[in-house]
Structure formats: structure tokens, C-alpha cells
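1. please find the sequence and the predicted model below.
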Amino acid sequence: MADPAAAQKARNLIRTVQKGALSTTLTSFESWPYGSLVLVANDYDASPVLLISDLAEHAKNLASDARASLLFDGTSPRGADPLDGPRVSVLGRARKSDAPHLRARYLARHPAAERFADFGDFCIYRFDVERAYLVEGFARVRWFEPTALLFAGQASAKLATELAEAEPGILVHMNEDHADAIALYANRLLGRGGSGWRMTGIDPEGLDLRRHGMLARLNFEQPLAGAGEARAVLAGLAKKARATLRR
């Protein structure tokens, strides 16, 4: 039986690591495994989202065989022994998608990609998860089925549709009118320094921030039951952060 706490750890790692090692099956040389570095965003349920050029070797591989794996490495802050840190290998099939919200979410997280995202050879891929393998450290390992790994609460398909409609307006409103609240999220609730943080996404379980190539994530105490709850939850987080200023 899946451990919900471990699944949450794995999902949070997938949501917070901005790059991954993509492994595909090489079509040009005897079906050897082929590894490449990719930047990753996420759908609302945490499914990985990629932006890939048709000219890339891994795109040619996926056109022949959509099966792939993605390694998310969360070991870097662990000090002397990286193998004591967490990592997740996600297995599934990467397929092209024309869903507007996936493109918007990817570019919000990786704004530098706007320079080439409109080139005719670049396409968004959604990684449909079939299994995942979490390593939390030495001898602490477990497999997950997609139903356990991905967020599926609160009638997630309906909630995803609501968020796809609401998210662009939420981001504009927060970044243009409430930059002070975003700074409080980063500085007071997450302990991250610096100014100029921007909100790049909101999903049922939390919100994503970015500053000069650095990412930060703030998880909600409870998942959203509907997109209409976002305003109250964001206001509550700002109130919580301001309360720390008075201590």
C-alpha cells in the first residue's frame, strides 16, 4: 500500500526541481539508452512538462518510442554525501500537447524559453507518468503507481480546468498588485533572501516563485478544493507572513 507521506515527498520534489535527466531510446545507434538535460515544468497534478525541439536527438527518439524516464535530483543540498539525499525517477510516455495552459505554465517557470518557444520546431510535451521510483537515502526506496504519485484530490480534472482559466489572472494580479505579499512569502515563510521574487504558478497544493533563475515553492496547509479558494488562501498566507514581522 502506498505511503501518502512518501508520495507527497516525491511529488514535491517533482514540483520543485527545475531540471531533469531525460532518458530515451536512441534511434540512430542500436537502441542504446540516451541521456539528456531538460528543463521541466508541471501540469496541475505534477505531471512533468517539457519544451523540446524536433531537431533534438531526444525528440527524434520520442517520435519512434514515446517511452522515457526522467530523473529529478534533490541531493545537492545534502553536503558531503549526495547519495543520502532524495531523488525520483519517473517512468512514462512523453507526448506532444497543444494544451495552452501547459505552454503558459512552462514559459512562466522558464521565461528565457520565450526567445525560441515560437520557433516552428519547438513543441510542448506532457509526460504521462506510469510508475515512479523514490530514493530517500540509503536503503529507503519505494515504487509508486501514478494514482498514488500524482495529485488526484478534489475532483482534480474539474479543478485543473478551473485553475487553467483562473491562473493567468491570478499571476498578473499578484505580480502587479501584490509584489509585497510575494516578497513576504519568499522572505518570511520560506526564509529565502533577496528582492524581485515573482509568482510563476499556482496548483492545488501550492504556489511557485522565481527570482533570477532560482525557484522556491510554498505548499498550502490544505489543498485547494476549487480555484475560487485561491484568493482567500493567498491572503491568509500574506497575513501569516506579516505576523512574523511583529515577533
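-> Everything's here; your move.
2. now do stretch 143-162, average pLDDT.
-> Taken as a whole, stretch 143-162 has a mean pLDDT of 86.
3. which of the residues in it are buried?
-> By 16 or more other C-beta atoms under 10 Å, the buried positions in stretch 143-162 come out as F144, P146, A148, L149, L150, F151, S156, L159, A160, E162. The C-beta positions use only the backbone N, C-alpha and C, and glycine is treated the same way.
4. quote the end-to-end distance of stretch 193-211.
-> End-to-end distance for stretch 193-211, by C-alpha to C-alpha, to the nearest Å: 10 Å.
5. so where do the strands sit in this protein?
-> Secondary structure of the chain, counting by DSSP state E: strands at 19-25, 33-39, 41-42, 48-53, 67-73, 87-96, 122-137, 140-144, 198-203, 206-211, 214-219.
6. compare those strands and give me the one nearest Y106.
-> Between Y106 and the strands of the chain, the tightest spacing by C-beta to C-beta is seen for strand 41-42, at 4.1 Å.
7. how far does the closest one sit from the chain's center?
-> The gap between where strand 41-42 is centred and where its chain is centred comes out at 4 Å by C-alpha atoms, centre = their mean, to the nearest Å.
8. which residues touch G196?
-> Applying C-beta atoms under 8 Å, 6 or more residues apart in numbering to G196 gives the contacts R211, H212.
9. any idea how far the residue lying closest to D203 once chain neighbours are set aside is from K158?
-> Nearest non-adjacent residue to D203, counting by C-beta to C-beta, 6 or more residues apart in numbering: Y44, 4.7 Å away. Distance of Y44 to K158, given as C-beta to C-beta, to the nearest Å: 11 Å.
10. same deal with D65?
-> Note on D65: its distance to K158, by C-beta to C-beta, is 33 Å.
11. okay, now the residue nearest to D203: neighbour count?
-> Applying other C-beta atoms under 10 Å, we find 25 residues neighbouring Y44.
12. would you confirm that it contacts S156?
-> Yes - Y44 sits in contact with S156 when judged by C-beta atoms under 8 Å, with a separation of 7.2 Å.
13. so what sits against both of these two?
-> Jointly contacting Y44 and S156 under the rule C-beta under 8 Å, 6+ apart are P204.
14. okay, now the domains of this structure?
-> 4-152, 157-245 (automatic domain parsing).
15. and the longest helix seen in the chain, what does it pack onto?
-> Counting by DSSP state H, the longest helix found in the chain is helix 156-177. Here helix 156-177 touches helix 100-109, helix 179-184, strand 198-203, helix 230-245, going by 3 or more C-beta pairs under 8 Å, 6 or more residues apart in numbering; DSSP states H and E.
16. out of the ones you listed, which is the most enclosed?
-> Neighbour counts (mean count of other C-beta atoms under 10 Å) averaged over each of the helices and strands packed on helix 156-177 peak at strand 198-203, with a mean of 22.
17. gap between that strand and the chain center?
-> Mean C-alpha position of strand 198-203 versus that of the full chain (C-alpha atoms, centre = their mean) differs by 10 Å.
18. before we move on, what about stretch 132-146?
-> Per C-alpha atoms, centre = their mean, the displacement of stretch 132-146 from the mean C-alpha position of its chain is 18 Å.
19. any stretches of this protein with poor pLDDT?
-> 1-2, 77-80, 153-155, 247 (pLDDT under 70).
20. most centrally placed residue in it?
-> Residue closest to the mean C-alpha point of the chain, counted by C-alpha atoms, centre = their mean, is R15 at 3.1 Å.
21. thought that one was touching S47?
-> No - using C-beta under 8 Å as the test, R15 is too far from S47 to be in contact (10.4 Å).
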